[in-house]
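Student: Provided below are the primary sequence and the corresponding predicted coordinates.
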Amino acid sequence: MTPWHLRVVGWLSLLWNAVGAGIYVVSRLQIAAYTEALSSAQVSWFDTLPVWVSLAYALGVWGALLGSVLLLARSRFAVLAFVLSLIGVLVTTGYSLSLPVGEAADVVSPTPLAFSSVLILIAAGLWIYARAMASRGHLR
């Protein structure tokens, strides 16, 4: 029997990760309504990302969205998707924090740093949750 919370976590994570996917799309397509809200340093950060960081960013976003869909489908591959997403979030955040102090302060102000911490906690929580559901036999 599928526990009730699997559907709740699945739908909430899908909603959360769909918002993240939307932000990814508007940032990569440089939609004016989005980029106008960013500082010039943040826009520059997106424009000058090394390829490997862009890939990590994509992995974080799309891995999470796929993980949510797979969780709702009760697939054990949700565990893999969520761990790949966590890796993507960690790499992207690590890159941001590795910038020179002045440059990092322009891109990663205290609010985005706090938000990055929340992203890491949510990504880790979803991976741990999916792993627990798989180990209990609720994902096939």
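Tutor: Cool, the structure landed.

Student: which other residues reach the helix or strand harbouring residue 13?
Tutor: Assigned by DSSP states H and E, residue 13 belongs to helix 4-28. Contacts with helix 4-28, where a contact means CB atoms under 8 Å, 6 or more residues apart in numbering, come from 33-35, 46, 57-58, 61-62, 64-65, 67-69, 71-72, 74, 122, 126, 129, 133, 138. The C-beta positions use only the backbone N, C-alpha and C, and glycine is treated the same way.

Student: what comes up buried for that helix?
Tutor: Within helix 4-28, the residues that count as buried by 16 or more other CB atoms under 10 Å are 6, 9, 10, 13, 14, 16, 17, 20, 21, 24, 27.

Student: Tell me which two of those sit farthest apart.
Tutor: Distance extremes for the buried residues of helix 4-28: the farthest pair is 6 and 27 at 31.0 Å, using CB to CB.

Student: Report the lowest-confidence entry in the buried residues of helix 4-28.
Tutor: Among the buried residues of helix 4-28, residue 27 carries the weakest pLDDT, at 84.

Student: where's it relative to residue 76, distance?
Tutor: According to CB to CB, to the nearest Å, residue 27 stands 31 Å off from residue 76.

Student: Over to residue 54?
Tutor: As judged by CB to CB, residue 54 and residue 76 stand 29 Å apart.

Student: out of the two, which sits in the busier spot?
Tutor: It is residue 76, of residue 54 and residue 76, that has more neighbours when counted by other CB atoms under 10 Å, with 17 against 13.
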